[in-house]
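Student: Build me a model from this:
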Amino acid sequence: MNMFSSVTWMGGVAVAICLAVASNNGTAKSPCTSAEPVRLILDTDMGPDYDDVGAMAVMYALADSGKVQVLATLSSNKDERTVPCIEVLNTYFNRPDMPVGAPKGEGGVSMTTWHKEKWTDFLPAHYPHKTKQTSDAPDAVKIYRELLSAQPDSSVVICSIGFFTNLKDLLLSAGDEDCPLSGRDLVAKKVRRLVAMGGAFPEGKEFNVYSDVASARVVAESWPTEILFSGFEIGEKILTGKRLVQLPEENNPVKDAYSLCFAEGDPDGRMSWDLTAVWVAINGYAPYYKVERGTFRIVNDEGENSWTPDEGGRDLRLIENIPPGEMALLIENYMMHQPVSE
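Tutor: Residues are numbered from 1 along each chain as shown. Okay, here's the model as predicted:
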């Protein structure tokens, strides 16, 4: 077994970095892992921003350490390059058969990159992937229902780092050949927690919410399990990527995406909105963050949100505990992870 193990001390917190060879479905165990790996479904809008790329790198680094079993990587973005980019990263991290899916219902969002350098064109043009375009991918709701129905009760963590489109469609789905339960009942039975990069706290207007307000409102009002929010203000302060782009390794799509975008700006690094959500979905919030329980609401059709502290509320929001610079150093250690040898 190839293994890299070290301990980084950050603000008095010892953080073990242990990367072990994993099987293609991310289930390999490591001596650094005592608990069962988190069963995770990632729901990403891969494309308007490039922090999704870093978030997937962190996810697969943690999968290679045995911390998480990734069940699927789903697109909430209908842009035709989103699924190919997701598959580039799945393949790079030795998971070419990872299930993918995309929204098929009415509405939703199709949004390309904001950056002049089209990294969403570059990655599929230079790295292997199976699906030509997002519209060729299976229905994300079908993938959700198939996977959830096969998992133990209250065992799955869903991490949403994009629009809430698929989650809304899942909630509103009817029973089918995989499971007779309605989507809401299926989520209530199988999902332990939803971790979402969304909202601004204690109030504000955030991109993942306002881009598809109708879907976000359905999720905010009807989701039957706990939702843990990593708000805009959390990732905004954590700048990552500067050490990543200095890696000597070539043919690395994570490095390439950041390098292309850094050439246009972000001299101090990119904000890490999606990376914090993935980190907490897998590792939990302590000791990295504190939480406050309460109720998240969308207050108007513009997507503005409010937050009401309430010890009996369904929702949690992250509150900074470790300084952003230390979190950036920790997270970027995982962003730089290279695929393990098989």
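
Student: pLDDT weak spots in the stretch 201-342 of the chain?
Tutor: 341-342 (pLDDT under 70).

Student: now the longest strand along the chain, how far from the chain's geometric center?
Tutor: Looking across the chain with DSSP state E, the single longest strand is strand 289-298. Distance of strand 289-298 from its chain centroid, counting by C-alpha atoms, centre = their mean, to the nearest Å, is 19 Å.

Student: counting contacts, what elements does it pack onto?
Tutor: helix 213-222, strand 226-230, strand 304-309, strand 315-320 (3 or more C-beta pairs under 8 Å, 6 or more residues apart in numbering; DSSP states H and E). C-beta coordinates here come from the backbone N, C-alpha and C atoms, glycine included.

Student: Please compute how far the first one lies from its chain's middle.
Tutor: Meaning helix 213-222. For helix 213-222, the distance to the chain centre is 19 Å (C-alpha atoms, centre = their mean).

Student: and what of the second one?
Tutor: On the basis of C-alpha atoms, centre = their mean, the separation between the geometric centre of strand 226-230 and that of its chain is 13 Å.

Student: Show me what it is packed against.
Tutor: strand 191-197, helix 273-283, strand 289-298, strand 315-320.

Student: Next: the longest one.
Tutor: Applying 3+ C-beta pairs under 8 Å, 6+ apart, one finds that helix 213-222 contacts helix 165-171, helix 207-210, strand 289-298.

Student: Next, format those as a markdown table and append distance to Asn305 and mean neighbour count.
Tutor: Below are these laid out as a markdown table (distance: least, C-beta to C-beta, whole Å; neighbours: other C-beta atoms under 10 Å):
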| stretch | distance to Asn305 | mean neighbour count |
| --- | --- | --- |
| helix 165-171 | 16 | 27 |
| helix 207-210 | 6 | 22 |
| strand 289-298 | 5 | 18 |
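
Student: how about a markdown table for these, with distance to Glu326 added?
Tutor: Below are these laid out as a markdown table (distance: least, C-beta to C-beta, whole Å):
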| stretch | distance to Glu326 |
| --- | --- |
| helix 165-171 | 31 |
| helix 207-210 | 25 |
| strand 289-298 | 12 |
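
Student: Which one of the ones you listed lies nearest to Lys67?
Tutor: strand 289-298 (17.2 Å; C-beta to C-beta).

Student: now the longest strand of the chain against strand 315-320, angle please.
Tutor: Computed by axes from the mean of the first three to the mean of the last three C-alpha atoms, to 10 degrees, the angle separating strand 289-298 from strand 315-320 equals 130 degrees.

Student: Neighbouring strands - and their directions - for strand 289-298?
Tutor: strand 304-309 (antiparallel), strand 315-320 (antiparallel) (DSSP bridges).

Student: Run through the residues that contact Glu302.
Tutor: Lys205, Tyr210, Val213 (C-beta atoms under 8 Å, 6 or more residues apart in numbering).

Student: run the last query once more with 7 Å
Tutor: Lys205, Tyr210 (C-beta atoms under 7 Å, 6 or more residues apart in numbering).

Student: So it versus Ser211, what's the distance?
Tutor: According to C-beta to C-beta, to the nearest Å, Glu302 and Ser211 sit 11 Å apart.

Student: still on that earlier bit, dump the helices and strands packed on strand 226-230 into CSV; add distance to Glu36 as well.
Tutor: As requested, the helices and strands packed on strand 226-230 are exported to CSV (distance: least, C-beta to C-beta, whole Å):
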stretch, distance to Glu36
strand 191-197, 12
helix 273-283, 12
strand 289-298, 23
strand 315-320, 22
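
Student: Of all the ones you listed, which one comes closest to Ala137?
Tutor: helix 273-283 (19.9 Å).

Student: Sketch out the helices for the chain, chain order is fine.
Tutor: 51-64, 82-92, 119-126, 140-149, 165-171, 183-190, 207-210, 213-222, 232-235, 253-262, 273-283, 324-335 (DSSP state H).

Student: Wait, Ser155 touches Val38, no?
Tutor: No. Taking contacts as C-beta atoms under 7 Å, Ser155 lies outside contact range of Val38: 9.0 Å.
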